[in-house]
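J.: Pasted the sequence and its predicted model underneath.
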Amino acid sequence: MMMNLGYYEIDWSDGTQLRYKIDDNPIAHIWKSVTQYYLKQKDVHIFNNQWAQLKHDPQLVEELWDRMYADTVRYNNNPAFLDTYIEMPEKYSPDIDWRPLLNHLHEEFHTLAEAMVEHEMDLNVYNNPLHQLNIDIHKLECQLQGNHGWTDYVRYGFFLHSVILGRYVQKIEDPGLYKYFRCHDRANGLHLGYHTVGKGLLHCVHDNDVELVSKGLVRQQDDIHNEVIQTFIDEEPVDAHEEQIEVITEWIINNKLQDKVDLTDPMMLQTGKPFLGELDTKKTVEEINELFAKAEVIEVRIIDANS
């Protein structure tokens, strides 16, 4: 018998409320527990680096590029950060080979972020330009991919933060839980966020980032945080897990990376994000896209099933 886990309500700055019915699955149970623990903290708040992935917009591409360049300059000129120089072209041009550039920038973020953690520097401080740079890399990536025939879909991610609590997560100890990290036919709705520094294997495959895998820098998600991603697509979602496994396997073999990736490890076979809940109110993708473009999350709560 399915258990009713209640609802996750998300309030937006324009007065909109999105209400998701929390799904009855093991990942959703753990996520709910972690989120409730955050919500009990006196200083809990929505972290300021919320991100939206919108339908393709040429003007947005230029805005993202300009902001990314400004963040690299801000990082390079701040003596408080590590003595490493991040380089990128000042202006966007359609002639730029953007895929290797974004792969390089993401690797720079990855190595610098891990180095900051190692030096006990707080990666989550509000003025850290690496955070916004990482968010905009993914947003720009999706915009440019969308311009090359990829399916239009919109997403919005955010997480709760508490200085008192720090980074509170639940480690995934049971390898059987990785079966929920799959590309399934429940693409529309609320999903668990990645909340991991670096790229997962499937991301590397889609980016053709052989160099990162060869360096042993793949970072699969191995814990559950409170971060969520709201996802909506135009097309009817399909279960493409097995198809994606074939794509991953073929890519690994073709690039002779078998010694870098153990495909017998369930953690390496993640093809999607665990489903957490279904939107309780019907909205079109166009309505969701407009909301994600113009508003931001200001408050969340978990409501009991009987409320």
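T.: Nice, thanks for sending it over.

J.: any idea of the mean pLDDT in stretch 254-270?
T.: Averaged across stretch 254-270, pLDDT comes to 96.

J.: The chain should start at 737 in everything you say after this.
T.: Let's use 737 as the start, then, which means that last one is stretch 990-1006.

J.: Distance from the chain centre to it, please.
T.: Averaging C-alpha positions (Cα atoms, centre = their mean, to the nearest Å) puts stretch 990-1006 21 Å from its chain's average.

J.: Wait, a helix at I1038?
T.: No: with DSSP: H, G, I helix; E, B strand; the rest coil as the criterion, I1038 is located in strand rather than a helix.

J.: Could you count how many residues lie near it?
T.: 15 (other Cβ atoms under 10 Å). From N, CA and C alone the C-beta is placed, and that goes for glycine too.

J.: give me the element L848 is part of.
T.: helix 834-854 (DSSP states H and E).

J.: CA atoms only: put that helix into PDB for me.
T.: Provided in PDB are the C-alpha atoms of helix 834-854 (Å, rounded to 0.1, in the frame of the first residue of the first chain):
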ATOM      1  CA  TRP A 834      32.000  26.300 -27.100                       C
ATOM      2  CA  ARG A 835      31.900  22.700 -26.000                       C
ATOM      3  CA  PRO A 836      35.700  22.200 -25.200                       C
ATOM      4  CA  LEU A 837      35.600  25.700 -23.600                       C
ATOM      5  CA  LEU A 838      32.800  24.900 -21.300                       C
ATOM      6  CA  ASN A 839      34.300  21.600 -20.500                       C
ATOM      7  CA  HIS A 840      37.500  23.400 -19.600                       C
ATOM      8  CA  LEU A 841      35.800  26.000 -17.400                       C
ATOM      9  CA  HIS A 842      33.800  23.300 -15.600                       C
ATOM     10  CA  GLU A 843      37.000  21.400 -14.900                       C
ATOM     11  CA  GLU A 844      38.600  24.600 -13.500                       C
ATOM     12  CA  PHE A 845      35.600  25.100 -11.300                       C
ATOM     13  CA  HIS A 846      35.800  21.500 -10.100                       C
ATOM     14  CA  THR A 847      39.500  21.500  -9.200                       C
ATOM     15  CA  LEU A 848      39.300  25.000  -7.600                       C
ATOM     16  CA  ALA A 849      36.200  24.100  -5.600                       C
ATOM     17  CA  GLU A 850      37.800  20.900  -4.200                       C
ATOM     18  CA  ALA A 851      41.000  22.800  -3.500                       C
ATOM     19  CA  MET A 852      39.000  25.400  -1.500                       C
ATOM     20  CA  VAL A 853      37.400  22.700   0.500                       C
ATOM     21  CA  GLU A 854      40.800  21.200   1.200                       C
END
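
J.: buried residues in it?
T.: 834, 838-849, 852 (16 or more other Cβ atoms under 10 Å).

J.: now stretch 995-1008
T.: Counting neighbours by 16+ other Cβ under 10 Å, stretch 995-1008 gives 996-997, 1002-1008 as buried.

J.: thinking in terms of the whole chain, how far from its middle is the helix holding L848?
T.: 15 Å.

J.: just checking, what packs against it?
T.: Judged by 3 or more Cβ pairs under 8 Å, 6 or more residues apart in numbering; DSSP states H and E, the packing partners of helix 834-854 are helix 865-882, helix 937-943, helix 946-950.

J.: got JSON lines for those helices, with mean pLDDT too?
T.: Shown next, in JSON lines, are the helices and strands packed on helix 834-854 (pLDDT from 0 to 100):
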{"stretch": "helix 865-882", "mean pLDDT": "77"}
{"stretch": "helix 937-943", "mean pLDDT": "92"}
{"stretch": "helix 946-950", "mean pLDDT": "94"}
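
J.: Can you name the residues that contact Y916?
T.: Contacts for Y916 (Cβ atoms under 8 Å, 6 or more residues apart in numbering) come out as 761-763, 1010-1011.

J.: most neighbours, which of the residues you listed?
T.: P1010 (26 neighbours).

J.: Pretty sure L928 is one of the things it touches, is it not?
T.: Yes: the criterion here is Cβ atoms under 8 Å, and P1010 meets it with L928 at 4.4 Å.

J.: count of neighbours near the nearest residue to T771 once chain neighbours are set aside?
T.: Leaving aside its chain neighbours, T771 sits nearest to N962 (4.3 Å; criterion: Cβ to Cβ, 6 or more residues apart in numbering). The tally of other residues near N962 (other Cβ under 10 Å) stands at 26.

J.: No further questions, thank you.
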